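Peer 1: Model the following, please.
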Amino acid sequence: MEPQIISRDEFKVVGLACYSNNKNREIPELWGKFLSRAEEIDNRVDNQVYLGICEYVENMAEGKKFNYLAAVEVSSFDHIPRGMVKKTIPAGRYAVFTHEGYPDSLQDTYNYIYRTWFVESGHVPAKQDDFELYDHRFQPHREDSELDIYIPIE
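Peer 2: Model prediction:
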């Protein structure tokens, strides 16, 4: 699995957040709440793209809690729906991996990225948020589903 290395400009997002380690499946629950309210968000850049943002945590270990944001990109923060949060993602360089398959195997892709790819590639992770991009290719109940994982690199 070879990633594409890209640079991305700063962008804005609006969504719902939780602080979790996902042991009780809080993140899928958050997505259910968010998707039922996504239409409330004004100034969306693309109505077909959703972002799952994992805020950077120093020395991330399995089981450690982190902030997660189910969101969409917006062109401005003019109107933030009640209970939602806004966040600006800074410009950066990313290794973009395409996860293929069911969402249940997503952890396998992350394990490959952090335990194999970083070790073998010589790249160094940047201290920034990573995120998942869900577009028309994401079909959670299909084996041929795809989503992109953006891992910040120095």
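Peer 1: and Gly32, what helix or strand is that in?
Peer 2: Gly32 is part of helix 26-37, with elements assigned from DSSP states H and E.
Peer 1: next SSE after that helix?
Peer 2: Downstream of helix 26-37 (by DSSP H and E), the next one is strand 50-54.
Peer 1: got the contact list for the following helix or strand past that next one?
Peer 2: Next along the chain after strand 50-54, taking DSSP H and E as the criterion, comes strand 66-74. Residues outside strand 66-74 that contact it (Cβ atoms under 8 Å, 6 or more residues apart in numbering) are 11-22, 26-27, 30-31, 33-35, 38, 41-46, 49-55, 57, 60, 85-87. For glycine as for every other residue, the C-beta is placed from the backbone atoms N, C-alpha and C.
Peer 1: Contacts for the lowest-mean-pLDDT helix or strand in the chain next, please.
Peer 2: In the chain, no helix or strand scores lower on mean pLDDT, DSSP states H and E than helix 106-112, which sits at a mean of 92. With Cβ under 8 Å, 6+ apart as the test, helix 106-112 has contacts from 1, 97, 99, 132, 149.
Peer 1: rerun at 10 Å
Peer 2: Residues from elsewhere that reach helix 106-112 (Cβ atoms under 10 Å, 6 or more residues apart in numbering): 1, 22, 52, 54, 62, 97-101, 117-118, 130, 132, 147, 149, 151.
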